[in-house]
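# My questions are about this predicted structure, shown below with the sequence.
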Protein chains: 2
Amino acid sequence: MLHDLVMKSRSYRRFYENKEITIDELRCLVELARLSPSSANRQPLKYVLCNSREKNKEIFDTLAWAGYLKDWAGPAKGERPSAYIIMLRDKNIATGMTMDEGICAQSIFLGATELGFGGCFLGAVNRSKLSEVLNLTDNYEISIVIALGHPKEEVILEDIKEDNDIKYYRDEREVHHVPKRSLEELVIDEIETLANRF
Amino acid sequence: MLHDLVMKSRSYRRFYENKEITIDELRCLVELARLSPSSANRQPLKYVLCNSREKNKEIFDTLAWAGYLKDWAGPAKGERPSAYIIMLRDKNIATGMTMDEGICAQSIFLGATELGFGGCFLGAVNRSKLSEVLNLTDNYEISIVIALGHPKEEVILEDIKEDNDIKYYRDEREVHHVPKRSLEELVIDEIETLANRF
């Protein structure tokens, strides 16, 4: 059931780095993005897949992790992602962000969970450096990096507290806590058919 | 399996308008969006739910349908959506589009398919008029309208042709055809671990 899959699809930042993800598995994830809807059907997103340990290291060096965890520089050696999907916008097809980026990212993310992986969307990327690392031509703009691996941490959703603070945090057991707004806060109006009201 | 669900989640534009969708069902879909990842965990998206026939008509009048079908003004009476989820960005929380819009839209879209519904993301919206229709306060910016209903049309994915035309079209039987780029076109590079190469 989709609810369970969405619930399990948390942002993970520590992995069993030695457990590999194959290029074929990465291709299956991009296939889910390919089959997802696209704004005006333009399909401007392209992908680089990587599970090479050597290249993973170079990609890792262009990423910034978990802005709210000020005393954590990112996953240590041995706990880093074992694969990356780098999402690109092909400016020869269409410029400017649309819904496509998030739609395709979520299809990939849910697919990764179904395969037993976990991941994290990374938007804080040294784009010029990563473009060099990947030898990208000028028509490609890096949208986000999707880091993937076999999760090595526990992530717990919890209700947002009275101070309304949305910053995630780690407790003393290294469990990652993510405060979520309530459904009541998100749904600002319900306009119901008259027939159901009487 | 997620692949089947993604494959079934096509953009539908004609519905059995008399088949209703309940507010509870709409709330379940927003719950999927609520549980999805959010950029820097800010969770700026809010929602208006509507299944009222009277209000649906007012919402419908603010929407433009299927830009590529020049001789089609949108679904006729009796084939219109039976419900809407209007996605809003709360500018008091964060301004500017992020991945959140697409991520949450795709969670809602896949959830709708699982419930037997179908929908369409509508970005061509008369936003000032719809803001009035919904009595929105100034802090809300309309991201997209998600039209929902019980699909009354067939949608077929097909390979893009040699002319590279991505425009969807309807055939003489009113079947909707959507050309999709190939996986080979989308994956521009695969960087594989050396161990697998030898």
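Done, it's in.

# and the longest strand seen in chain A, anywhere near chain B?
Determined from DSSP state E, the single longest strand within chain A is strand A:140-149. Yes: shown here: strand A:140-149 in contact with chain B (Cβ under 8 Å from any Cβ of the partner chain) through A:140, A:144. Just so you know, the C-beta spots here come from the backbone N, C-alpha and C atoms, and that holds for glycine as well.

# name the helices or strands packed onto that strand?
Counting contacts by 3 or more Cβ pairs under 8 Å, 6 or more residues apart in numbering or on different chains; DSSP states H and E, strand A:140-149 packs against strand A:83-90, helix A:100-114, strand A:118-122, helix A:127-133.

# now the longest one, how far from the centre of its chain.
Think helix A:100-114. Here helix A:100-114 is found 8 Å from its chain centre; the criterion is Cα atoms, centre = their mean, to the nearest Å.

# Report the angle between that helix and strand A:83-90.
160 degrees (axes from the mean of the first three to the mean of the last three Cα atoms, to 10 degrees).

# Now do helix A:100-114, average pLDDT.
Mean pLDDT, helix A:100-114: 98.

# Run through chain A and note the low-pLDDT ranges.
For chain A, the stretches with pLDDT under 70 are A:194-198.

# Nearest residue to the residue of it found nearest chain B in space, ignoring adjacent ones along the chain?
Closest residue of chain A to chain B, Cβ to the nearest Cβ: A:Gly102 (2.2 Å). Nearest non-adjacent residue to A:Gly102, counting by Cβ to Cβ, 6 or more residues apart in numbering or on different chains: B:Gly102, 2.2 Å away.

# wait, what's in contact with the spatially most central residue of chain A?
Geometric centre of chain A, nearest residue: A:Phe121, 2.7 Å, by Cα atoms, centre = their mean. Listed by Cβ atoms under 8 Å, 6 or more residues apart in numbering or on different chains, the contact partners of A:Phe121 are A:11, A:105, A:109, A:144-146, B:37, B:39, B:99.

# Compare the residues you listed and tell me which has the most neighbours.
A:Phe109 (32 neighbours; other Cβ atoms under 10 Å in any protein chain shown).

# Phi, psi for the closest residue to A:Asp165 other than its chain neighbours please.
Among residues not flanking A:Asp165 along the chain, A:Pro179 sits closest, at 6.6 Å (Cβ to Cβ, 6+ apart). Phi and psi for A:Pro179, reported as degrees, to the nearest 10, are phi -70, psi 130.

# Go ahead and confirm A:Pro179 touches A:Asp163.
No: between A:Pro179 and A:Asp163 there is no contact under Cβ atoms under 8 Å: 9.7 Å.

# Those two: which has the busier surroundings?
A:Pro179 (18 against 7).

# Against A:Lys152, how distant is that one?
22 Å (Cβ to Cβ, to the nearest Å).

# I'd like to know how many residues surround A:Gly96.
That count, for A:Gly96 with other Cβ under 10 Å as the rule, works out to 9.

# how about it, secondary structure?
The three-state label given to A:Gly96 by DSSP: H, G, I helix; E, B strand; the rest coil is coil.

# Quick check: phi and psi at it.
phi 80, psi 140.

# A:Asp189 now?
phi -160, psi 140.

# ok, now the one 3 residues further on?
Main-chain torsions, A:Glu192, degrees, to the nearest 10: phi -100, psi 150.

# How about the contacts made by the closest residue to A:Gly78 other than its chain neighbours?
Once flanking residues are discounted, A:Gly78 sits nearest to A:Glu17: 5.2 Å by Cβ to Cβ, 6+ apart. Residues near A:Glu17 by Cβ under 8 Å, 6+ apart: A:77-82, A:149.

# and A:Glu58, what is it in contact with?
Per Cβ under 8 Å, 6+ apart, neighbours of A:Glu58: A:Val133.
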